[in-house]
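Trainee: predicted structure and sequence below. I'll ask about it afterward.
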Amino acid sequence: MYLNIGNGYLVPTSAVIGIFDMDNATWSRRTRQTLEAAEQSGDLINAAEDELPNAFVLCWEQNRQKIYLSMLTAATLRKRAGETVF
């Protein structure tokens, strides 16, 4: 199954490790460092495009960590994922 994270981006639910709220999670220095490292390595995908990202989805795809920014809220993404992720 796939999780629609907005703007036509689909993520396999089997690859999802976690769904995080940007406002709460980015208070942590380690989270900010992880997001910056993913951006530098090309593993940060901005599915929010021109919108302000509200959440990010941490995935493990092809033996690499990928982070998708989404304009949808973490609560909405969790509802869309249903029981398949958590």
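Mentor: Here it is on my side, so go on. Numbers count the residues shown, from 1 in each chain.
Trainee: report the central residue of this protein.
Mentor: Geometric centre of the chain, nearest residue: residue 57, 1.7 Å, by C-alpha atoms, centre = their mean.
Trainee: my guess is that one contacts residue 71, does it?
Mentor: No. Counting by C-beta atoms under 8 Å, residue 71 is not a contact partner of residue 57; they are 11.9 Å apart. Bear in mind the C-beta positions are built from the backbone N, C-alpha and C, glycine included.
Trainee: hmm, back to that, look up which residues are beta-bridged to the residue nearest to the centre of the chain.
Mentor: For residue 57, the beta-bridge partners are residue 19, residue 68 (DSSP bridges).
Trainee: that one and residue 73: what is the separation?
Mentor: 12 Å (C-beta to C-beta, to the nearest Å).
Trainee: just confirm residue 36 is within a strand.
Mentor: No. Assigned with DSSP: H, G, I helix; E, B strand; the rest coil, residue 36 falls outside any strand and is helix.
Trainee: pLDDT value on the residue nearest to the centre of the chain, please?
Mentor: Predicted confidence (pLDDT) for residue 57: 97.
Trainee: how about the contacts made by it?
Mentor: Neighbour list for residue 57: 3, 5, 11, 16, 18, 19, 20, 67, 68, 70, 77 [criterion: C-beta atoms under 8 Å, 6 or more residues apart in numbering].
Trainee: the last one sits in which helix or strand?
Mentor: So that's residue 77. Element membership of residue 77, judged by DSSP states H and E, is helix 74-81.
Trainee: ok, now the first one?
Mentor: Secondary structure assignment for residue 3, by DSSP H and E: strand 2-6.
Trainee: what's whichever helix or strand comes after that strand packed up against?
Mentor: Downstream of strand 2-6, the first helix or strand assigned by DSSP H and E is strand 9-12. Here strand 9-12 touches strand 2-6, strand 55-61, strand 64-70, going by 3 or more C-beta pairs under 8 Å, 6 or more residues apart in numbering; DSSP states H and E.
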